[in-house]
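K.L.:
model this:
(4 chains)
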Number of protein chains: 2
Amino acid sequence: MTPRGRPRDTQVDERVLRAAAALIFERGYAGLSIDEVAEQAGVAKTTLYRRWPTKDHLAVAVVARLQADHEITETGDIRADLVDNLDKIAAALNRMRAAGGREGPSAGVAGELVAAAARHDDIGELARVQYAERNALGIALIERARARGELRADLDAEVLFDQLAGALYYRVLITGEPVDRAYAERLVSSALEGSLTCQ
Amino acid sequence: MTPRGRPRDTQVDERVLRAAAALIFERGYAGLSIDEVAEQAGVAKTTLYRRWPTKDHLAVAVVARLQADHEITETGDIRADLVDNLDKIAAALNRMRAAGGREGPSAGVAGELVAAAARHDDIGELARVQYAERNALGIALIERARARGELRADLDAEVLFDQLAGALYYRVLITGEPVDRAYAERLVSSALEGSLTCQ
DNA sequence: CTAAATACGAAACTCGTGTTGCGTAAATGT
DNA sequence: ACATTTACGCAACACGAGTTTCGTATTTAG
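P.N.:
Down below sits the predicted model:
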């Protein structure tokens, strides 16, 4: 069941993604020019647009290749497991934030990707599926700790994970504050131990 | 100390912002065309660019006018106070999300504004100051509840507020899930009560 | 009244994204 | 072989953001 016409040149994808990655990580999202990518990849612009219909789609493809979806580690200690997985999320966010040689509090490429998902339904749908999968893994991790008796029985696992991951994204995208392992530890402590005086 | 030359026509700001607001709320961010705004406002494009140097700046000005910064209410019951203030944040997010007649899980204009803050340092700086003020109000609210003895003494107020606000932004910008008062209540319950089995 | 300073308006311009039309290349089915 | 289908490359194009140039209008300083 090979398709009818001339097959696509598989080298095109590789060369374009490589050139685009070089540009986006050197000059940032605004410095990523489609014409320049096409030229550096030695490919016609029309060929490029056949694969990625907009600059946003191309940028998402570039970043997606580099975010090797991190494996979830599980030691059996929920505190350590949560810190570890949040730290991996934070690392991925920091990589995107730093693209383009940026330093300050700006969200960098991470902010552009949020807009890309808001602009194009297909990108948004794809991203939400990925996030849903990651959320499900985190929730499952929490549920298993609850089954072991580490966590309280009436816990809201979905909300708990939103609180943890959400705080990281909030700082990177909104307030511009740094996120690192130390922050992940504060976060997990606060969420697990609660804030009410002892009941 | 009036400045030297011809004074600016104050009607220009009003007419431009009104025209831009109409366009952005009817057609969304992509449907906001500078040429069209200038035409509908009866103003030359150069005049418009003298006030707002980019489309992003204009869009931020439009949205900023509509987000009458909500007053913080305080009843003395920290649970009710947090739910109330989170609900106001959620309402503002939902307004931005719905601009342009959008319905689905997309972040809508909210996503574009995140990117605008990432692209332009001055917008980012302005936004971060606003967020810092709002965070400070939330943290102060929490601190007063702690002083009253409602909350535990060793609590991390900064992280607690990140958890609450962050979960809202996470759902709107990232996972696309809805945020409403019911969710705010789940959120506050989870954060206040913690997740560990009783210590 | 005159000069300097600033604002407004109109038109032409640059630049980047994305599209279109057309000629050519490489595969399949009969 | 030959028609069909799809991919590639090239050039021209449409469109919107943002800039530049220049003429005109309105204000203050002297």
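K.L.:
per-residue confidence for the nearest residue to residue A:90 once chain neighbours are set aside?
P.N.:
Excluding its sequence neighbours, the residue lying closest to residue A:90 (C-beta to C-beta, 6 or more residues apart in numbering or on different chains) is residue A:179, at 4.3 Å. For glycine as for every other residue, the C-beta is placed from the backbone atoms N, C-alpha and C. At residue A:179 the predicted local distance difference test score is 98.
K.L.:
tell me which parts of chain A are close to DNA strand C?
P.N.:
Applying C-beta under 7 Å from any atom of the strand, one finds that chain A approaches DNA strand C through A:2, A:4-7, A:32-35, A:45-46, A:49, A:53-56.
K.L.:
Can you give me the buried ones in the longest helix anywhere in chain A?
P.N.:
Secondary structure of chain A per DSSP state H: the longest helix is helix A:121-148. For helix A:121-148, the buried set under the neighbour-count rule, 16 or more other C-beta atoms under 10 Å in any protein chain shown, comprises A:123-124, A:127-128, A:131, A:134-135, A:137-139, A:141-142, A:145-146.
K.L.:
Turn those into a markdown table, columns for pLDDT.
P.N.:
Written out in a markdown table, the entries for the buried residues of helix A:121-148 read as follows (pLDDT from 0 to 100):
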| residue | pLDDT |
| --- | --- |
| A:123 | 98 |
| A:124 | 98 |
| A:127 | 97 |
| A:128 | 98 |
| A:131 | 97 |
| A:134 | 96 |
| A:135 | 97 |
| A:137 | 97 |
| A:138 | 98 |
| A:139 | 98 |
| A:141 | 98 |
| A:142 | 98 |
| A:145 | 97 |
| A:146 | 97 |
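K.L.:
what's the distance between stretch A:51-63 and the middle of its chain?
P.N.:
When C-alpha coordinates are averaged (C-alpha atoms, centre = their mean, to the nearest Å), stretch A:51-63 and its chain have centres 15 Å apart.
K.L.:
If we go by neighbour counts, what in that stretch is buried?
P.N.:
Quick answer for stretch A:51-63 (16+ other C-beta under 10 Å): A:52, A:55-63.
K.L.:
So what does residue A:8 have for phi and psi?
P.N.:
As for residue A:8, its main-chain torsions (degrees, to the nearest 10) stand at phi -70, psi 140.
K.L.:
Apologies, that question was intended for residue A:196.
P.N.:
Recorded main-chain torsions at residue A:196 are phi -70, psi 150, according to degrees, to the nearest 10.
K.L.:
What helix or strand is the closest residue to it other than its chain neighbours located in?
P.N.:
Among residues not flanking residue A:196 along the chain, residue B:192 sits closest, at 5.1 Å (C-beta to C-beta, 6+ apart). When elements are assigned from DSSP states H and E, residue B:192 belongs to helix B:181-193.
K.L.:
elements contacting that helix?
P.N.:
For helix B:181-193, the elements it packs on are helix A:157-169, helix A:181-193, helix B:78-98, helix B:157-169, judged by 3 or more C-beta pairs under 8 Å, 6 or more residues apart in numbering or on different chains; DSSP states H and E.
K.L.:
can you put those in CSV and add mean neighbour count?
P.N.:
Output for these, formatted as CSV (neighbours: other C-beta atoms under 10 Å in any protein chain shown):
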stretch, mean neighbour count
helix A:157-169, 24
helix A:181-193, 19
helix B:78-98, 19
helix B:157-169, 24
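K.L.:
Could you tell me which residues make contact with residue A:172?
P.N.:
Each residue near residue A:172 by C-beta atoms under 8 Å, 6 or more residues apart in numbering or on different chains is listed here: A:93-94, A:97, A:107, A:110, A:179.
K.L.:
Surely it is within a helix?
P.N.:
Yes - residue state for residue A:172 (DSSP: H, G, I helix; E, B strand; the rest coil) corresponds to a helix.
K.L.:
what about the closest residue to it other than its chain neighbours, distance to residue A:81?
P.N.:
Distance criterion C-beta to C-beta, 6+ apart; nearest residue to residue A:172, sequence neighbours excluded, is residue A:93 at 4.7 Å. Counting by C-beta to C-beta, to the nearest Å, the gap from residue A:93 to residue A:81 is 19 Å.
K.L.:
go on, residue A:168?
P.N.:
The spacing between residue A:168 and residue A:81, counted by C-beta to C-beta, is 16 Å.
K.L.:
In which helix or strand does the residue in chain A positioned nearest to DNA strand D reside?
P.N.:
The nearest approach of chain A to DNA strand D comes at residue A:5, 2.0 Å away (C-beta to the nearest atom of the strand). Of the helices and strands defined by DSSP H and E, none includes residue A:5.
K.L.:
Just give me the neighbour total for it.
P.N.:
5 (other C-beta atoms under 10 Å in any protein chain shown).
K.L.:
just to revisit the earlier point, sec struct for the residue nearest to residue A:90, please.
P.N.:
Classification of residue A:179 into helix, strand or coil gives coil, according to three-state DSSP.
K.L.:
That one: neighbouring residues, count only.
P.N.:
Here the count is done by other C-beta under 10 Å, and residue A:179 has 23 residues near it.
K.L.:
which residues does it contact?
P.N.:
A:90, A:93-94, A:168, A:171-172 are the contacts of residue A:179 under C-beta under 8 Å, 6+ apart.
K.L.:
just to revisit the earlier point, hang on, isn't the residue nearest to residue A:196 packed against residue A:197?
P.N.:
No - the pair formed by residue B:192 and residue A:197 falls short of the contact definition of C-beta atoms under 8 Å, at 10.2 Å.
K.L.:
Now the common contact residues for the two.
P.N.:
Taking C-beta under 8 Å, 6+ apart as the contact criterion, the residues that touch both residue B:192 and residue A:197 are residue B:151.
K.L.:
Against residue A:164, how distant is the residue nearest to residue A:161 when sequence neighbours are not counted?
P.N.:
Nearest residue to residue A:161, sequence neighbours excluded (C-beta to C-beta, 6+ apart): residue A:138, at 4.4 Å. Here the criterion is C-beta to C-beta. By it, residue A:138 lies 8 Å from residue A:164.
K.L.:
who's in contact with the helix holding residue B:192?
P.N.:
Helix B:181-193 is contacted from outside by A:152, A:155-156, A:159-160, A:162-163, A:190-191, A:194-196, A:199, B:78-79, B:82-83, B:86-87, B:90, B:151, B:160, B:163-164, B:167-168, B:171, using C-beta under 8 Å, 6+ apart.
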